[in-house]
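Asks: only the shape, not the letters, is given here:
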């Protein structure tokens, strides 16, 4: 849109494989340009919409991210930052209160830009402050003391530029 | 542009080709026969001090559904006196097969003394030697077929008890709530899960509907509202698979019947509740409830 503002839309293909349509619309604003070792800073706001083809249930999650980044080489940049999904629902299953409103994460990744396409590989540690001990899924993650915390994932993205 | 179209086309062609449902079931079919006491594989508890009479262990096959798929069962007790005995239907968890749960069956067969009650255990579709594939509907169908077999042998509802463990809670509650040939006069649940939705929400940290991830519609916390029979609930406080607070407590609190009792066992995890509680205390708690 401008030198500082970029608009993205995305389709999460992994979700689609599991019959869930997950699309997002994101605006990224460059606050500071990278100068040598001084990183650039960007912030972004995203709306994530998920719906399934089984029953048509849907959820909307606003997301706020902040990243610092370094350009390197001809067309790469690497970044480190935090992500925050905001839970809008007041209740969870069986009318129990949804006490936690923020699902945070930290990520680092690398993006390779070509004139028409960009390719991103990212590692994200979701909910690093929440114990995942009582989840029935044995996530690959880091532990603090005895307890596994959150979940670590690898993400790969391909984006077409227009 | 061609690459973009190709990518989008490929994505939609692959749409829905994966399913999380099979992860819910963890059967083992790597056996050629049931060995019961001679089984040397992994078991979460060992109960060597609790015996059952070998001559009263009966393996048999139950035909299920219109396709007559065969599932395997073991009955601990006298087949000829089912009509006059009290019988516990034990519905096991999501791992392994009947040999894995055999020690638990032996404990139930020692309630009020050795071989006092009959105990029937089944391997669901796709578990052990049972034919077919595990699924939610097959769980219910298998348990119904087991109840029918007991009814054919003359058992009546006033002598019939259901005990469900973990995955086995789903058929235990479904049968009791929605009816089968027999209706148990008491129901016992160990380490229950509330619903597929709670599993998804515990795993994601978000209030997501389960249908975003799975076809499973299991909702024990809702179904148990239809049950008035006395309820026994036992759960490990340290259960890191199905948390006591988000799963067990919801099921227990939603039970609308007049009588219910609970045992929440410190230090116990998902599969070791009888062991951590102590076998004697565990059996005593069952006796107190059934009495």
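Replies: Here it is on my side, so go on. All values derive from a computational prediction rather than experimental measurement.
Asks: the most centrally placed residue in chain A: what secondary structure?
Replies: Nearest to the mean C-alpha position of chain A, by C-alpha atoms, centre = their mean, lies residue A:83 at 5.7 Å. Per DSSP: H, G, I helix; E, B strand; the rest coil, the secondary structure class of residue A:83 is strand.
Asks: and it, what does it touch?
Replies: Contacts for residue A:83 (C-beta atoms under 8 Å, 6 or more residues apart in numbering or on different chains) come out as A:63, A:64, A:65, A:104, A:105, A:106, A:107, A:124, A:126. Quick note: C-beta positions are derived from backbone N, CA and C, even for glycine.
Asks: where's the last one, which helix or strand?
Replies: Assigned by DSSP states H and E, residue A:126 falls within strand A:117-131.
Asks: which parts of chain A sit against chain B?
Replies: Proximity of chain A to chain B, by C-beta under 8 Å from any C-beta of the partner chain, involves residues A:11, A:13, A:16-20, A:50-55, A:57, A:59, A:61, A:85, A:87, A:89, A:91-94, A:96, A:98, A:100, A:103, A:117, A:126-127, A:130, A:133-137, A:158, A:160.
Asks: beta partners of residue 76?
Replies: Reading this off chain A. Using DSSP bridges, the bridge partners assigned to residue A:76 are residue A:72, residue A:112.
Asks: that was the other one, I meant chain B.
Replies: Bridge pairing for residue B:76 - DSSP bridges - gives residue B:57, residue B:119.
Asks: residue contacts, it?
Replies: Residue B:76 touches B:52, B:56-58, B:105-106, B:108-109, B:115, B:118-121, counting by C-beta under 8 Å, 6+ apart.
Asks: need the next SSE after the helix or strand of chain B with the lowest mean pLDDT, C-terminal direction.
Replies: Sorting the helices and strands of chain B by mean pLDDT, DSSP states H and E puts helix B:2-14 at the bottom, at a mean of 63. Per DSSP H and E, the first helix or strand lying C-terminal to helix B:2-14 is strand B:26-27.
Asks: now that following strand, how far from the centre of its chain.
Replies: 13 Å (C-alpha atoms, centre = their mean, to the nearest Å).
Asks: sheet partners, orientation included, of it?
Replies: Strand pairing for strand B:26-27, determined by DSSP bridges: strand B:95-96 (parallel).
Asks: show me what contacts residue B:198?
Replies: A:92, A:93, A:94, B:221, B:246, B:247, B:250.
Asks: quick one: it from residue A:113, how far?
Replies: Counting by C-beta to C-beta, to the nearest Å, the gap from residue B:198 to residue A:113 is 43 Å.
Asks: how about residue B:224?
Replies: 55 Å.
Asks: between the two, which has more neighbouring residues?
Replies: residue B:224 (29 against 16; other C-beta atoms under 10 Å in any protein chain shown).
Asks: where does the more buried one land in three-state SS?
Replies: Taking three-state DSSP, the label given to residue B:224 is helix.
Asks: ok, it touching residue B:250?
Replies: No - using C-beta atoms under 8 Å, residue B:224 makes no contact with residue B:250, being 9.2 Å away.
Asks: tell me where chain B has strands.
Replies: Listed from the start of the chain, chain B has strands (DSSP state E) covering B:26-27, B:57-64, B:69-76, B:87-91, B:95-96, B:118-122, B:160-165, B:186-190, B:231-236, B:260-265.
Asks: any chance of those in JSON lines, with distance to residue A:147 and mean pLDDT too?
Replies: Below are the strands of chain B laid out as JSON lines (distance: least, C-beta to C-beta, whole Å; pLDDT from 0 to 100):
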{"stretch": "strand B:26-27", "distance to residue A:147": "23", "mean pLDDT": "92"}
{"stretch": "strand B:57-64", "distance to residue A:147": "42", "mean pLDDT": "94"}
{"stretch": "strand B:69-76", "distance to residue A:147": "39", "mean pLDDT": "97"}
{"stretch": "strand B:87-91", "distance to residue A:147": "31", "mean pLDDT": "98"}
{"stretch": "strand B:95-96", "distance to residue A:147": "23", "mean pLDDT": "91"}
{"stretch": "strand B:118-122", "distance to residue A:147": "35", "mean pLDDT": "97"}
{"stretch": "strand B:160-165", "distance to residue A:147": "26", "mean pLDDT": "98"}
{"stretch": "strand B:186-190", "distance to residue A:147": "24", "mean pLDDT": "98"}
{"stretch": "strand B:231-236", "distance to residue A:147": "16", "mean pLDDT": "98"}
{"stretch": "strand B:260-265", "distance to residue A:147": "20", "mean pLDDT": "98"}
